[in-house]
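Trainee: sharing a model that was predicted from the sequence below.
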Amino acid sequence: METINNAYAMPRIGDMAPDFDATTTTGKLKFSEFNKDKWVILFSHPADFTPVCTTELSEFARQQDYFTAQNTKLIGLSIDSIHSHMAWVHNVKEKLGVLMNFPIIADIDMHVAKLYGMLQPGESQTAAVRAVFFIDPTGKIRLIMYYPLNVGRNMDEVKRVLLALQTSDANKCAMPLNWKQGDKVIVPPPTTVEAMTERENSNYEMVDFYLAKREI
Ligand code: BEZ
């Protein structure tokens, strides 16, 4: 069987986001400072001037105001030069009328792509896969998506999981299958007999003591 080079680190949910310095389309930045007091969505794309990536990044730009309202900063990355990024941003503005004005990291030496497990050699030795990292204001990685080169992401799902994470944190609850804004949320299961008995007398929507929902 062929050996797959799997030497690159894969960050996990619950890890602190690895810090790095980067050259981006909005200037040089230190990631930990960029992340300060904000949620960050860090996403990679395989290459500038490619069709699927153009649909994805132009849509992130269209949704910029939504993410800002959610206290969330966007930052993209690909293994391309800053010159390529600038030319692509200019081209997308010209052709689609959308300015991709969030930073896009020029990761030509693959430093950040390797730090975040975006370079997955079985898929490509030279292009980042379509990764999405949801990083909270404390710098912790809270959710990770990885998509292959040939399938674009789903913006509704990106927005849904961000809101689910933020709502879960704010309300100390968990989010059921297909949760969306306005739906009931899961109350954490009781861990003592006393709490279980209390729950039986509550007005939660209850299937059993361990599966209860409430409005928020
Ligand atoms: C695209 O974005 O269209 C694309 C990029 C790399 C490989 C395949 C498709």
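Mentor: Cool, the structure landed. Numbering: from 1, shown residues only.
Trainee: list the contacts for the nearest residue to Ala106 once chain neighbours are set aside?
Mentor: Once flanking residues are discounted, Ala106 sits nearest to Ile82: 4.0 Å by Cβ to Cβ, 6 or more residues apart in numbering. No exception for glycine: its C-beta is placed from N, CA and C like everyone else's. The contact partners of Ile82, taken as Cβ atoms under 8 Å, 6 or more residues apart in numbering, are Thr23, Thr24, Thr25, Ala106.
Trainee: how near is Ile82 to Thr197?
Mentor: Taking Cβ to Cβ, to the nearest Å as the measure, Ile82 falls 62 Å from Thr197.
Trainee: for the lengthiest helix in the chain, which outside residues touch it?
Mentor: Ranked by residue count, the top helix of the chain under DSSP state H comes out as helix 155-171. Helix 155-171 has contacts (Cβ under 8 Å, 6+ apart) with 39, 41, 59-60, 63, 66-67, 70-72, 132, 134, 136, 142-143, 145, 173-175, 179-181, 185, 216.
Trainee: out of those, which end up buried?
Mentor: For the contacts of helix 155-171, a burial check counting by 16 or more other Cβ atoms under 10 Å picks out 39, 41, 59-60, 67, 70, 72, 132, 134, 136, 142-143, 145, 173, 175, 179, 185.
Trainee: count of neighbours near the closest residue to Asp183 other than its chain neighbours?
Mentor: Excluding the flanking residues, the one nearest Asp183 by Cβ to Cβ, 6+ apart is Pro176, at 7.4 Å. Pro176 has 13 neighbours, counted by other Cβ atoms under 10 Å.
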